[in-house]
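Chemist: Could you work out the structure for the sequence below:
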Amino acid sequence: MITIILFIISYLLGAIPAGLWIGKLFFHKNLHEFGSGNTGTTNTFRTLGVKAGIVVFLFDLLKGTLAVLLPTFFHLHSLPVLIFGLLAVLGHTFSIFDHFHGGKAVATSAGVLLGYRPLFLLLLLFIFILVLYLFSMISLSSIVAAVVAFIGAAVFPAFHFTMTHYDPIFTIIVMILAGIILFRHHSNIKRIKNRNESVVPWGLNLTHQHKI
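Modeler: You can find the predicted model right below:
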């Protein structure tokens, strides 16, 4: 019974649409009606400002971490903790509180890794920042980091790079998380190809995207 309860809690925790609720309560704005229409961190920054963006980012990040830690808090050791993290990401992406809409899974997936493989996350953060500097696109940075995570989860253990042993559950779930991120960015990929993706005012913008 405790397992089922924690499954539900993990999903509901992930499903809390912080950006959407903060926008409505404090700014009287519905994020679905602005920018990309997404309720995640990036659109919150662009629509509601830096302070709100930071709050939403931290909330979305830590709810993934908390979901991974929940089984330990309740001394549940019969299932891999990453399953609970995956449920939080699914809740974030397909929120029952937002008609099964949600964010693009980047921050919450990062939170899952923070709670389980922080060194692996640190590498992905480096990749994210590097790509962001070169191309000025949060979307492309997220996509590249997801691809590196997908490949790295399967390859890195063979070289004892960030991981000392092969963990099939970790590999499978990281691949699922990466797949969700890539799927949720399909519209961004089209805009990047057409060179009209949104950029941030930092970095080199090497692909010369035109939408600012």
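Chemist: Look up phi and psi at the closest residue to residue 29 other than its chain neighbours.
Modeler: Computed as C-beta to C-beta, 6 or more residues apart in numbering, the closest residue to residue 29 that is not its neighbour in sequence is residue 23, at 4.6 Å. In short, each C-beta sits where N, CA and C put it, glycine included. Dihedral pair for residue 23: phi -60, psi -40, per degrees, to the nearest 10.
Chemist: Verify the stated contact: residue 23 with residue 33.
Modeler: No - Residue 23 is not in contact with residue 33 according to C-beta atoms under 8 Å; the separation is 9.4 Å.
Chemist: sorry, back to before: I'd like the distance between the residue nearest to residue 29 and residue 118.
Modeler: Residue 23 sits 30 Å away from residue 118, taking C-beta to C-beta, to the nearest Å as the criterion.
Chemist: what about these two, which has more around it?
Modeler: Here residue 23 and residue 118 are set side by side on neighbour count (other C-beta atoms under 10 Å), and the busier one is residue 23, at 24 against 12.
Chemist: Show me the residue sitting in the middle of this structure in space.
Modeler: residue 106 (1.5 Å; C-alpha atoms, centre = their mean).
Chemist: contacting residues for it?
Modeler: With contact set as C-beta atoms under 8 Å, 6 or more residues apart in numbering, residue 106 has these partners: 40, 41, 142, 145, 146, 181.
Chemist: Pick the one among the residues you listed closest to residue 83.
Modeler: Distance to residue 83 across these (C-beta to C-beta) is lowest for residue 181, with 18.0 Å.
Chemist: Could I get the pLDDT score of the closest residue in space to that closest one that isn't next to it in sequence?
Modeler: By the measure of C-beta to C-beta, 6+ apart, the closest residue to residue 181 outside its immediate chain neighbours is residue 146, 4.1 Å from it. The score at residue 146 is 98. That number is its pLDDT.
Chemist: Quick one: neighbours of residue 146, just the number.
Modeler: When neighbours are defined as other C-beta under 10 Å, residue 146 has 28 of them.
Chemist: Can you list the low-confidence ranges for this protein?
Modeler: When the per-residue scores of the chain are filtered using pLDDT under 70, the ranges that remain are 211-212.
Chemist: which residues touch the longest helix anywhere in it?
Modeler: When secondary structure is assigned using DSSP state H, the longest helix within the chain turns out to be helix 50-73. Judged by C-beta under 8 Å, 6+ apart, the contacts made with helix 50-73 from elsewhere in the structure are 6, 9-10, 13-14, 16, 18-19, 22-23, 26-27, 40-42, 44-46, 48, 76-77, 79, 81-82, 84-85, 87-89, 92, 103, 107-112, 114-116.
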